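Trainee: task: produce atomic coordinates for the following.
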Amino acid sequence: MNEALIIASAFIDLGVVLVAFVLGREWLYATIIVNLLLIGLLGAKLVGVFGQATNVGNVFYASVFFATYLILEHDSIDDAIKAVWIGLGSIAFFFVLLNGALLLTSIPETSDIARLMDQVLALTPRVAIASMIGFTISQYVNIALYSFWQERVGDAHWWFRAVSVMMAAQLIDSVIFFSIAFLGMVGTGLVIETMITGYIVKVAVGLVATGFLFASHSLKAARRTA
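Mentor: Alright, predicted model coming up:
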């Protein structure tokens with residue numbers, strides 16, 4: 001069941017990001033923000049996938065990478081860096097206000113709901129910090145490697161550039177995110193398992209995203225000839 005839901009979520013999320021590309025760069029920025037918020041809110045939930053444990057945020061982060069690649073492929077490196085800071089600023093702003101709201105004292109009639117909110121969101125700041133650090137470092141590596149390969153390979157083999165850079169940057173993000181988010185909270189063995197499984201899931205979704213990236217080139221060519 002989990003596997004089917006993850007596959008469906010991946011195709012839906014990637015499809016929405018591709019639609020956002022058609023609508024314009026600002027919409028791509030919006031998909032990055034939404035997916036980062038989903039990671040921060042749901043990233044502490046571990047699930048079983050193909051007999052291994054991982055967290056639910058892997059698909060969302062793969063879609064963040066896809067949105068970044070669309071910006072890199074069709075706009076500029078400066079626009080991609082802007083996307084990093086928009087995503088980072090948005091998630092920081094959201095969680096500052098979220099945790100401020102949780103400090104407010106509830107009236108007796110909603111005390112049970114407030115208590116549940118505190119319990120569910122208690123780990124959110126740690127996951128949010130892990131996602132922000134992992135996101136910032138891995139995306140800067142992502143952009144730097146992309147620029148490096150573009151200068152040497154050019155646009156002839158864009159698919160190779162996208163896949164190779166994605167695999168390297170996703171590895172960096174997985175190590176940073178899972179270490180900060182889960183070390184000390186669960187056993188080291190489980191952290192390593194979630195890290196490896198999460199990386200595999202993100203790379204798998206990233207490979208699927210390469211097909212969507214190819215579609216974006218076709219869409220852009222169609223718009224140019226229309």
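
Trainee: which elements pack onto the biggest helix by length in the chain?
Mentor: Ranked by residue count under DSSP state H, the longest helix found in the chain is helix 188-225. Using 3 or more C-beta pairs under 8 Å, 6 or more residues apart in numbering; DSSP states H and E, the elements in contact with helix 188-225 are helix 2-23, strand 46-49, strand 52-55, helix 58-74, helix 158-182. In short, each C-beta sits where N, CA and C put it, glycine included.

Trainee: closest to residue 33 out of those?
Mentor: Closest approach to residue 33 among the helices and strands packed on helix 188-225 (C-beta to C-beta): helix 58-74, 9.5 Å.

Trainee: now do the closest one: which elements does it pack against?
Mentor: Using 3+ C-beta pairs under 8 Å, 6+ apart, helix 58-74 is in contact with helix 2-23, helix 25-42, helix 77-102, helix 124-153, helix 158-182, helix 188-225.

Trainee: coming back round to it: can you add mean pLDDT, mean neighbour count and distance to residue 201 and give the helices and strands packed on helix 188-225 back as a markdown table?
Mentor: Shown next, in a markdown table, are these (pLDDT from 0 to 100; neighbours: other C-beta atoms under 10 Å; distance: least, C-beta to C-beta, whole Å):
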| stretch | mean pLDDT | mean neighbour count | distance to residue 201 |
| --- | --- | --- | --- |
| helix 2-23 | 91 | 16 | 7 |
| strand 46-49 | 83 | 16 | 7 |
| strand 52-55 | 82 | 20 | 6 |
| helix 58-74 | 89 | 26 | 4 |
| helix 158-182 | 86 | 20 | 10 |
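
Trainee: this completes my enquiry, with thanks.
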